[in-house]
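Asker: Provided below for reference: sequence and predicted model.
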Amino acid sequence: MKHREDLTETEALRLELEQTRAHLAETVQALSERVNVLRRLKESAAEAGGRMKMNAGLAGSRMKANAGLAGSRMKDPAGMAGLRVKDTAGQVPAMTREHPKATAAVGGALVLGAGAAAWLVSRHK
């Protein structure tokens, strides 16, 4: 390659023009990347979608863990209620003769409560 001093004026201008074109092409490419809003929006949307999937997975795991804890917490009170009913069962015949309507109401409430507790426990297994 010749040095600039060895080039004719026309050759020097052509070389400078080629360098200017190359520099201009690089500048245009850099500007088009900055201005390409659609591509940047797509990249942002993809990143946001990834974050949403990760957060949804974490939320699902937390809900599953909390449901398991709630089920365990329900089993203990339901078992205690069953023991209390069993302990008072011996007193029911005397109460039934003295207060038949009240006994029927309490019995219905107990059956309803036991059924609800059993249903809750079975839902959380």
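Answerer: Looks like it came in fine.
Asker: lowest average confidence, helix or strand, in this protein?
Answerer: helix 92-98 (a mean of 69; mean pLDDT, DSSP states H and E).
Asker: The residue nearest in space to the middle of the chain: which element?
Answerer: Geometric centre of the chain, nearest residue: residue 56, 2.0 Å, by C-alpha atoms, centre = their mean. Assigned by DSSP states H and E, residue 56 belongs to helix 37-88.
Asker: now that helix: mean pLDDT?
Answerer: Averaging pLDDT along helix 37-88 gives 77.
Asker: And residue 9, how far from residue 15?
Answerer: Plainly put, residue 9 is 11 Å away from residue 15 if you go by C-beta to C-beta, to the nearest Å. Quick note: C-beta positions are derived from backbone N, CA and C, even for glycine.
Asker: So between those two, which is more surrounded?
Answerer: residue 15 (14 against 7; other C-beta atoms under 10 Å).
Asker: That one: helix or strand, and which one exactly?
Answerer: helix 9-35.
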